[in-house]
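**Q** missing the sequence, but the structure's below:
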């Protein structure tokens, strides 16, 4: 009977250990995801700024070409 109890306690300890590792993995994954989202958000912001500058330059170029055409 005590062998069965000992085995049950060992299995419970093993399950507790696995649960702790899973929680740690989940926490790390969450932090990694947050970091990835922050990086992607920064990249999108930078691309939008570059696109806006490119649009302005294209509009200026078109304006100059129209003036030269006349």
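**A** Happy to help now that I have it. Source: prediction; values computed, not measured.
**Q** what's the neighbour count on residue 53?
**A** 10 (other C-beta atoms under 10 Å). Quick note: C-beta positions are derived from backbone N, CA and C, even for glycine.
**Q** Please apply the same query to the one 3 residues further on.
**A** Look at residue 56: counted by other C-beta under 10 Å, it has 10 neighbours.
**Q** Now do the contacts for it.
**A** Residue 56 makes no contacts at all, as judged by C-beta atoms under 8 Å, 6 or more residues apart in numbering.
**Q** got a pLDDT number for it?
**A** Note for residue 56: predicted pLDDT of 95.
**Q** Check the gap between it and residue 62 for me.
**A** 11 Å (C-beta to C-beta, to the nearest Å).
**Q** same question, residue 32
**A** Residue 32 sits 45 Å away from residue 62, going by C-beta to C-beta.
**Q** shared neighbours of residue 56 and residue 62, anything?
**A** With C-beta under 8 Å, 6+ apart, residue 56 and residue 62 have no common neighbours.
**Q** so where is this protein shaky, pLDDT-wise?
**A** Along the chain, no part satisfies pLDDT under 70.
**Q** Kindly recompute the last result at 90.
**A** For the chain, the stretches flagged by pLDDT under 90 are 1-5, 9, 25, 27-34, 67-70.
**Q** For residue 61, give its distance to residue 52.
**A** 15 Å.
**Q** what's the distance between the helix or strand hosting residue 65 and the middle of its chain?
**A** Using DSSP states H and E, residue 65 maps to helix 2-69. With C-alpha atoms, centre = their mean, to the nearest Å as the basis, helix 2-69 stands 0 Å off its chain's centre.
**Q** One more: stretch 1-19?
**A** Averaging C-alpha positions (C-alpha atoms, centre = their mean) puts stretch 1-19 38 Å from its chain's average.
**Q** For that stretch, buried residues please.
**A** Residues of stretch 1-19 classed as buried by neighbour count (16 or more other C-beta atoms under 10 Å): none.
**Q** now stretch 37-57
**A** Within stretch 37-57, judged by 16+ other C-beta under 10 Å, no residue is buried.
**Q** quick one: the spatially most central residue of the chain from residue 45, how far?
**A** Residue closest to the average C-alpha location in the chain (C-alpha atoms, centre = their mean): residue 36, at 2.2 Å. Distance, residue 36 to residue 45, by C-beta to C-beta: 15 Å.
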